[in-house]
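# based on what follows, work out the 3D shape:
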Amino acid sequence: MGRFVCTFLKGVNKLNLGSRHLYVSTKRHAGSGPTPARTVLVEKDSHITLIGLNREQQRNCIDANTAEQLTEAISQFEADDSSPVGVLYGIGGSLSAGYDLAELEAEAQRGSLNFLLRHEGSVGPTRRHLRKPLVCGISGFCVAGGVELALLCDLRVMEESAVLGFFNRRLGVPLSDGGSVRLSAAVGYSNALDIIETGRRVYAREAMRMGLVNRVVATGTALGQAVNLAFSIAKFPIASLMHDRNALLENANAYNRPGFHAASYNEIMNVTSEMITDMQDGVKRFKMSEVKGPKTDSWHIKEKTIPDWEKAEIEIEKQKR
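Numbers count the residues shown, from 1 in each chain. Next up, the predicted model:
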């Protein structure tokens with residue numbers, strides 16, 4: 001996929017690129033400050049909307065600015081009558097490594113949980129059901145809040161070398177974007193407890209086996225395969241497809257709308273002040289213990305220094321695949 005440089009105009013810009021169109025929102029925030037960096041890119045391939053997380057050097061970690069842009073992009077997609085299906089993916093080789101660590105550290109130092117209490121969600125519009133199907137292309141790291149974004153989507157296409165997991169367990173950061181609700185619906189109670197409590201890595205074959213993802217594809221092909229899957233859905237008469245999709249959302253136990261909203265509310269409101277202390281300590285441990293490589297070529301999954309006990313766990317997990 002190409003990259004495009006746009007001149008900001010009023011409202012929404014549209015570039016014609018063959019059968020593709022790039023939409024860039026130029027919504028300005030209150031005040032006279034500079035326009036926030038564009039960290040979410042929206043493109044159309046015919047009638048399929050492609051929404052790309054664009055913080056490549058941070059493995060597409062989600063900060064407040066990105067969360068707001070992602071919410072806006074998905075809302076615009078939902079309002080676009082010409083686009084029945086969308087695709088969410090990460091630019092640069094990883095879907096998302098979760099919530100931005102620098103912003104998380106600042107919030108923890110302030111003793112604040114405000115970022116968890118945003119109406120739509122801390123990493124995007126995760127506290128509601130999307131009104132249209134969204135297919136997720138998972139590459140590289142899809143961890144912590146990145147998993148919650150993937151679970152927001154109807155279907156997930158995962159590259160064979162990608163990694164899933166709630167790595168936020170190591171930092172003492174609770175799930176706050178529907179992870180505790182959607183994960184159990186996808187993989188069942190026992191598997192969900194295993195993934196959440198251990199914070200371990202989940203590889204493609206296991207993710208496919210337990211129903212966490214719907215397709216496993218070759219490394220480097222998640223976006224293309226996700227787009228193909230979106231086109232295969234969009235070819236059907238949409239009215240009846242949406243009827244059946246929405247009926248499933250209404251009737252599935254964990255996705256029942258009143259039950260889902262109550263569960264999401266419960267997930268957030270049971271967060272305590274003690275967790276702030278855990279988050280503060282967790283961020284300090286992470287910064288002291290992790291050996292960070294250069295941030296260029298961040299799409300490559302790098303080896304990092306980990307304790308022997310965790311190496312043993314990883315080997316056991318690989319043997320299970």
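# which other helices and strands contact the helix or strand hosting residue 67?
Applying DSSP states H and E as the criterion places residue 67 in helix 64-79. Counting contacts by 3 or more CB pairs under 8 Å, 6 or more residues apart in numbering; DSSP states H and E, helix 64-79 packs against strand 20-25, strand 40-45, strand 48-53. Where you see a C-beta, it was placed from the backbone N, CA and C, and this is true even at glycine.
# worst average pLDDT in these?
Ranked by mean pLDDT, the helices and strands packed on helix 64-79 end with strand 20-25 at the bottom, a mean of 44.
# next helix or strand past the strand or helix carrying residue 216?
Secondary structure assigned from DSSP H and E places residue 216 in strand 215-217. Downstream of strand 215-217, the first helix or strand assigned by DSSP H and E is helix 222-234.
# now whichever helix or strand comes after that following helix: average pLDDT?
Next helix or strand after helix 222-234 toward the C-terminus (DSSP H and E): helix 238-251. Taken as a whole, helix 238-251 has a mean pLDDT of 88.
# can you check stretch 104-112 too?
Stretch 104-112 comes out with an average pLDDT of 72.
# alpha carbons only: can I get stretch 83-93 in PDB?
Extracted C-alpha coordinates of stretch 83-93, given in PDB (Å, rounded to 0.1, in the frame of the first residue of the first chain):
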ATOM      1  CA  SER A  83     -19.200   1.200   2.200                       C
ATOM      2  CA  PRO A  84     -20.800  -1.900   3.800                       C
ATOM      3  CA  VAL A  85     -17.600  -3.500   5.200                       C
ATOM      4  CA  GLY A  86     -14.300  -2.200   6.600                       C
ATOM      5  CA  VAL A  87     -10.800  -3.400   7.400                       C
ATOM      6  CA  LEU A  88      -8.700  -2.400  10.500                       C
ATOM      7  CA  TYR A  89      -4.900  -3.000  10.200                       C
ATOM      8  CA  GLY A  90      -1.600  -1.600  11.500                       C
ATOM      9  CA  ILE A  91       0.900   0.200   9.200                       C
ATOM     10  CA  GLY A  92       4.500  -1.000   9.600                       C
ATOM     11  CA  GLY A  93       4.100  -4.600  10.500                       C
END
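# give me the buried positions along stretch 97-114.
By 16 or more other CB atoms under 10 Å, the buried positions in stretch 97-114 come out as 97, 98, 99, 100, 101, 103, 104, 105, 107, 108, 113.
# kindly report the same for stretch 181-197.
Neighbour-count burial for stretch 181-197 flags 181, 182, 183, 184, 185, 186, 187, 191, 192, 195, 196 (criterion: 16+ other CB under 10 Å).
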